[in-house]
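Peer 1: Just the structure for this:
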Amino acid sequence: MFPILNRRRRVIAFGWRLLEKGEPKYLNSPETSLFHKGEQLYALPSAVDTIRKKNQAILVEGYMDVIALHSAGFTNAVAPLGTALTENQIRLLWQGCDEPIICFDGDMAGRKASIRAMNRAIPILTPGKSLQFVFLPEPFDPDDMIRKKSPQAFQEALNNAKTLAYTLWNTLTDGRSLDTPERRAKLEKDATDIITKIQNEQVRAYYMKDLKKKLWQLEHRKHAQRSSLSFGEAQGISSPNADLLAGRMLLAYLIC
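Peer 2: The predicted structure is shown next:
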């Protein structure tokens, strides 16, 4: 049983976690006039001072992850209440810092939960307010990282957190074949459909600009690969390495 406190550090509900196998894994007290689970974060009253001081919040999946991190000195860790992250919880995190770090479990379920959190945040992005993401090695969760590896290993993972924009692009392109114009056009459509959900006009414009830059780089990288392959076949020599290709792309870009 885990007491859930409000900002005045008063108990307004309890969380419950099943210790053995079974479903549901988490349960909470019923919703009341004092308790709305989509508007609360576990351990926020204990973490808020560190969050504001460091301008960093670490959002993990469960109560035990939070307790393990606080015990290891990461007192800016909080968690949703056993449910998917909500827009209200994201805004609550933004009150304390600019880019909270989402660090869910390293298994497939945790990765899917991170993607859901990204999609939930995209429409409400505003200038200076976003998310970062840490994807732990499978099957580790934050508690495992602390106990089985070390607090330093977890800190290193935090240091390598990726931006929302980076995570979005990797999610869209992961495992995707982009070797034809039609497939690249589909990538552009899928990315545009997501970006148009951003309500803030200024942030949306910058995401569109970033998308065009990435598509330009992708197209010219494909063109450079085709050109180098044709040249190599004609001359009977090996294709240039990645560094040489990157240098040629940069030179071409400067000339243009």
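Peer 1: Show me the helices in this protein, by range?
Peer 2: Secondary structure of the chain by DSSP state H: the helices cover 44-54, 63-71, 87-94, 108-121, 142-144, 151-159, 164-173, 181-195, 201-235, 242-255.
Peer 1: Those helices: which one's closest to Lys21?
Peer 2: Checking the helices of the chain against Lys21 by C-beta to C-beta gives helix 108-121 as the closest, at 14.6 Å. Using the backbone N, CA and C atoms, a C-beta is placed for each residue, glycine as well.
Peer 1: what residues does the closest one touch?
Peer 2: Residues from elsewhere that reach helix 108-121 (C-beta atoms under 8 Å, 6 or more residues apart in numbering): 59, 61, 84-87, 90, 102, 104-105, 130-131, 133, 135-136, 138, 141, 164, 167-168, 171, 194.
Peer 1: Mind checking which of these are buried?
Peer 2: Among these, those scoring as buried are 59, 61, 85-86, 90, 102, 104-105, 130-131, 133, 135-136, 141, 164, 167-168, 171, 194 (criterion: 16 or more other C-beta atoms under 10 Å).
Peer 1: gap between the residue most central in space within the chain and Lys149?
Peer 2: In the chain, the centroid-proximal residue (C-alpha atoms, centre = their mean) is Phe133; its distance is 3.0 Å. In this view, Phe133 and Lys149 are 19 Å apart by C-beta to C-beta, to the nearest Å.
Peer 1: Go through the protein and flag its longest strand.
Peer 2: Scanning the chain for the longest strand, with DSSP state E as the assignment, gives strand 11-17.
Peer 1: check contacts around the closest residue to Thr86 other than its chain neighbours.
Peer 2: Among residues not flanking Thr86 along the chain, Gly38 sits closest, at 4.1 Å (C-beta to C-beta, 6 or more residues apart in numbering). The neighbours of Gly38, taking C-beta under 8 Å, 6+ apart as the test, are Thr83, Thr86, Asn88, Gln89.
Peer 1: rerun at 10 Å
Peer 2: Going by C-beta atoms under 10 Å, 6 or more residues apart in numbering, Gly38 touches Glu31, Pro80, Leu81, Thr83, Ala84, Leu85, Thr86, Glu87, Asn88, Gln89.
Peer 1: my guess is Trp216 contacts Tyr253, does it?
Peer 2: Yes: in this structure, Trp216 is within contact of Tyr253 by C-beta atoms under 10 Å, at 8.9 Å.
Peer 1: burial count for the closest residue in space to Glu31 that isn't next to it in sequence?
Peer 2: In space, and not counting its chain neighbours, Glu31 is closest to Lys37: 6.8 Å by C-beta to C-beta, 6+ apart. For Lys37, the neighbour count with other C-beta atoms under 10 Å is 20.
Peer 1: The one 3 residues further on now?
Peer 2: Taking other C-beta under 10 Å as the neighbour definition, Gln40 ends up with a count of 24.
Peer 1: Verify the contact between it and Leu81 for me.
Peer 2: Yes: contact criterion C-beta under 10 Å: Gln40 and Leu81 qualify, at 6.1 Å.
Peer 1: Which residues are in contact with each of those two?
Peer 2: Ile4, Ala13, Gly15, Asn28, Gln89.
Peer 1: Number of residues surrounding the nearest residue to the first one once chain neighbours are set aside?
Peer 2: In space, not counting the residues next to it along the chain, Ile4 is nearest to Ala13; the distance is 4.4 Å by C-beta to C-beta, 6+ apart. Taking other C-beta under 10 Å as the neighbour definition, Ala13 ends up with a count of 20.
Peer 1: ok, now the one 5 residues further on?
Peer 2: For Leu18, the count of nearby residues is 11 (other C-beta under 10 Å).
Peer 1: where does the stretch 151-256 of the chain have low pLDDT?
Peer 2: Confidence mapping of the stretch 151-256 of the chain against pLDDT under 70 gives the ranges 222-242.
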